[in-house]
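Engineer: Sequence and computational prediction follow.
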Amino acid sequence: MDVLTNSAQRIIRMRSDARSIFMAGVAAACPYEAVRRTLTDKQQDLRLSSGVVVIAIGKAACSMAQAARSVLRGKIKKAVAVTDAHNFKEVKGCRCVIADFPALNHNNVSSAIQDALCAVTDNVAIVLLMSSGGSTMVSAPPFGIDLATRRSVQDQLAVRSARADEIFTVRNALSVFGEDHLAQIVGSHKIISVHLATDCWEESQAFEIGFAGKTRSIAQTSLAILEKYQLNDQVAPAVLDHLRGPCAASERAAFGYVERLLLGTYKASLEGAADAAVCHGLVQARHVWMDDDIDVAAVELIGLAQEVRQIREPVAIVCGRAGSGRRNHEMALRFALLAEKKRLDRPWVFLSGSTHGDFRSHGQAGAVVDGGSCSWIRQLGIDPAKSVGNADAQSALAASGDLLVIGNTTPNVTNLELILLGER
């Protein structure tokens, strides 16, 4: 009985450790701190500017604007933050606007940003802060183009029998807002453009490096489409100005007016979790790319656990993951089923957690399972394998009490998998 009691207590401690490690990773994925550190480093570059206009867009906009105010203080002439209703909060000295998809209040968003840009006078710099969800929030037509104008362009293309992909390309090009078009508006004023990446560090870096080029490519293609259907003289001048903007802006960027920076909270989250995992024992931190096949990903994770089978001491394997993380329940239950078959031959706990997406609506960030989870689920009259097959892992894990329920982590975003292995 003492042996069973001690084993149960050890698993309880390991589950508690897993939750603590995950929450440390969430805390480390802090947009406020990432932006604060970056702008602190950029203070020297901004010292010759007579002032700064801050434009923050995305789910983390309010936190990023707050960080900018803490660093730049009295240097800010105007500040605006565009975010969704869930992440909205008042920020002193900043105009905060809600722009939920599909940005039905586009006029409010546009006027707020235009009002901020009115403060861009001689020698005033712009700090553009972009985070996840930002492209959706400014997906409505950009400055100088209203919904009716964009719809008119689409209708004219349709009348001329343009292909659906051509119409979509032009519509997409008339829904872009970034440093390229900002440079078009403000001319040669200095722009520091900061993109907050919350996905895999290497992958998001590669994506962001290509972002400006992709924007220019879409604009150039759209101009060619309008010329193909002889619409250059038919559309509003603002449409052509907007599409030509990225090319002109790229030339200005080449002369140093636009500086693009990438911040990765993914990396900070992985490092924060790894630091916290020292409480459990030997730590191995690594990035694992999880493709859409959760079964394959679970096998890969089991393989990581088996790689350290020769180590007798407790081991913590901390895995960062790219992706939206909407299938954490399935990942956890698949791992538990595989661990039964593969027999890890030591106490283990597995956590699959994500603060991506809409998890906050129900407070479930994933699940924490151990060697007894599947057995307990079966005792409740539920077949865990069928639950996975029926895409209902969440219900099975809810019945067994294995859901990972956490508080509001707005706007810290992370995806982590943790494998804790007890002493052999």
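Structural biologist: All right, it came through fine.
Engineer: Same question for the helix ranked longest in the chain: list its buried residues.
Structural biologist: Across the chain, the helix with the greatest residue count (assigned by DSSP state H) is helix 2-28. If you call a residue buried by 16 or more other CB atoms under 10 Å, then helix 2-28 has these buried ones: 11, 14-15, 17-19, 21-28. Heads up, the C-betas are built off the backbone N, CA and C, glycines and all.
Engineer: starting at the chain centroid, how far to whichever helix or strand comes after that helix?
Structural biologist: Going down the chain from helix 2-28, the next helix or strand is helix 31-41, by DSSP states H and E. The gap between where helix 31-41 is centred and where its chain is centred comes out at 17 Å by CA atoms, centre = their mean, to the nearest Å.
Engineer: averaged over its residues, what pLDDT does helix 31-41 have?
Structural biologist: Averaged over helix 31-41, pLDDT sits at 90.
Engineer: Contacts for that helix, please.
Structural biologist: Under the criterion CB atoms under 8 Å, 6 or more residues apart in numbering, residues 60, 63-64, 66-68, 70-72, 127, 129, 131, 194, 196, 261, 263, 265, 268, 411-412 lie in contact with helix 31-41.
Engineer: how near is Lys386 to Ala393?
Structural biologist: Lys386 sits 10 Å away from Ala393, going by CB to CB, to the nearest Å.
Engineer: Let me fix that, I meant to ask about Arg312.
Structural biologist: Arg312 sits 32 Å away from Ala393 when distances are taken as CB to CB.
Engineer: So between those two, which is more surrounded?
Structural biologist: A direct count of neighbours by other CB atoms under 10 Å for Arg312 and Ala393 places Ala393 higher, at 26 against 10.
Engineer: Below-threshold pLDDT in the stretch 51-200 of the chain: ranges please.
Structural biologist: Per-residue confidence of the stretch 51-200 of the chain (counting by pLDDT under 70) places the weak regions at 100-108, 135-144, 175-187, 198-200.
Engineer: go with 80
Structural biologist: 99-111, 114, 132-148, 168, 171-188, 197-200 (pLDDT under 80).
Engineer: List the buried residues in stretch 66-82.
Structural biologist: The neighbour-count criterion (16+ other CB under 10 Å) identifies 66-69, 71-72, 75-82 as the buried residues of stretch 66-82.
Engineer: All the strands of the stretch 101-250 of the chain, residue numbers only.
Structural biologist: Secondary structure of the stretch 101-250 of the chain by DSSP state E, counting those that start in this stretch: the strands cover 124-130, 191-197.
Engineer: Just the CA atoms of the last one, as PDB, please.
Structural biologist: Spelled out, that is strand 191-197. Taking Å, rounded to 0.1, in the frame of the first residue of the first chain, the C-alpha atoms of strand 191-197 are listed here in PDB:
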ATOM      1  CA  ILE A 191       9.900  53.900 -39.800                       C
ATOM      2  CA  ILE A 192      10.800  51.100 -37.300                       C
ATOM      3  CA  SER A 193       8.600  48.200 -38.100                       C
ATOM      4  CA  VAL A 194       8.400  45.500 -35.500                       C
ATOM      5  CA  HIS A 195       6.700  42.200 -36.300                       C
ATOM      6  CA  LEU A 196       5.900  40.000 -33.300                       C
ATOM      7  CA  ALA A 197       6.100  36.300 -34.300                       C
END
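Engineer: for the residue nearest to Ser395 when sequence neighbours are not counted, what are its contacts?
Structural biologist: The shortest distance from Ser395 to any non-neighbouring residue, by CB to CB, 6 or more residues apart in numbering, is to Ser387 (6.6 Å). Contacts of Ser387 were listed using CB under 8 Å, 6+ apart, and they are Leu333, Ile377, Ala393, Ser395, Ala396.
Engineer: Touching, the second one and Ala396? I think so.
Structural biologist: Going back to what we said before, that points to Ile377. Yes: here Ile377 reaches Ala396: they are 5.2 Å apart, a contact under CB atoms under 8 Å.
Engineer: Am I right that Ser352 falls within a helix?
Structural biologist: No: with DSSP: H, G, I helix; E, B strand; the rest coil as the criterion, Ser352 is strand rather than part of a helix.
Engineer: how close does it sit to Asn390?
Structural biologist: 19 Å.
Engineer: And the two? Which one has more around it.
Structural biologist: In this comparison of Ser352 against Asn390, neighbours counted by other CB under 10 Å, the higher total goes to Ser352 at 33 against 11.
Engineer: Report pLDDT for the more buried one.
Structural biologist: According to the per-residue confidence, Ser352 scores 92 in pLDDT.
Engineer: Could you list everything it pairs with in the sheet?
Structural biologist: Ala367, Glu417 (DSSP bridges).
Engineer: close enough to count as contact, it and Glu417?
Structural biologist: Yes: with contact taken as CB under 8 Å, Ser352 and Glu417 are classed as touching, separated by 5.3 Å.
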